[in-house]
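Asks: When you get a sec, could you give me coordinates for this:
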Amino acid sequence: MDVRPIRTEADHQAALAEIATLMDAKKGTPEGDRLDVLATLAEAYETAHISIEAPDPISAILFMMEQKQLGRRDLEPAIGSRARVAEVLNRRRALTLPMIRRLSRLLDIPADVLIQPYNPSGPAQGHHSSAEAA
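Replies: Numbers count the residues shown, from 1 in each chain. Below you'll find the model as predicted:
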């Protein structure tokens, strides 16, 4: 078995191509052993060289809502009124720290994912009407 470390992106692509050809190999065979070794090397290369960014907070919330089969009403205890939920999910209002804490518990999303900056698309944050302040 001639296997070398994966040091470059070209090495990585070549390993992935070979892994694809070995996907049906049976465990315990020379092909299966080669698949295990190449997959381990590819994973090590990816861990060291390819960073995967966490999803933005709203995308993470929407994904977990879908996974848990939750509707917008289910978020009201964590976010507030139906209107507030709509503002947050439509990116017109930024998440607050208390919302992040409650959403983290409700949706099983790590707080560090929810606390990441993202671009709300609506009016500037921090400007609240007197009705909102009450």
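Asks: Just after the top helix by length along the chain, pick out the following helix or strand.
Replies: When the chain is parsed with DSSP state H, its longest helix is helix 30-49. Of the helices and strands lying after helix 30-49 in sequence (DSSP states H and E), the nearest is helix 57-67.
Asks: hmm, who's touching the next helix-or-strand element following that next one?
Replies: Downstream of helix 57-67, the first helix or strand assigned by DSSP H and E is helix 76-79. With CB atoms under 8 Å, 6 or more residues apart in numbering as the test, helix 76-79 has contacts from 82, 85, 88, 99, 102-103, 105-106. Every C-beta, even on glycine, is put in place using the N, C-alpha and C of the backbone.
Asks: The chain - how does it break down into domains?
Replies: As assigned by automatic domain parsing, the chain contains the domains 9-49, 57-120.
Asks: Just say which of those domains is most tucked in.
Replies: Across the domains of the chain, the average number of neighbours (mean count of other CB atoms under 10 Å) peaks for domain 57-120, which reaches a mean of 15.
Asks: Now the terminal residues of it, how far apart.
Replies: Taking CA to CA, to the nearest Å, the first and last residues of domain 57-120 lie 11 Å apart.
Asks: Same question for stretch 21-28.
Replies: In stretch 21-28, first residue to last residue: 17 Å (CA to CA).
Asks: Same question for stretch 52-62.
Replies: 19 Å.
Asks: ok, which pair from the contacts of helix 76-79 is furthest apart?
Replies: Pairwise distances among these were taken by CB to CB; the largest, 20.3 Å, belongs to Arg82 and Arg105.
Asks: Please produce a markdown table containing the contacts of helix 76-79, extended by distance to Glu9, secondary structure and pLDDT.
Replies: As requested, the contacts of helix 76-79 are arranged in a markdown table below (distance: CB to CB, whole Å; DSSP: H, G, I helix; E, B strand; the rest coil; pLDDT from 0 to 100):
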| residue | distance to Glu9 | secondary structure | pLDDT |
| --- | --- | --- | --- |
| Arg82 | 48 | helix | 97 |
| Val85 | 43 | helix | 97 |
| Val88 | 39 | helix | 96 |
| Met99 | 40 | helix | 97 |
| Arg102 | 42 | helix | 97 |
| Leu103 | 37 | helix | 97 |
| Arg105 | 40 | helix | 97 |
| Leu106 | 40 | helix | 97 |
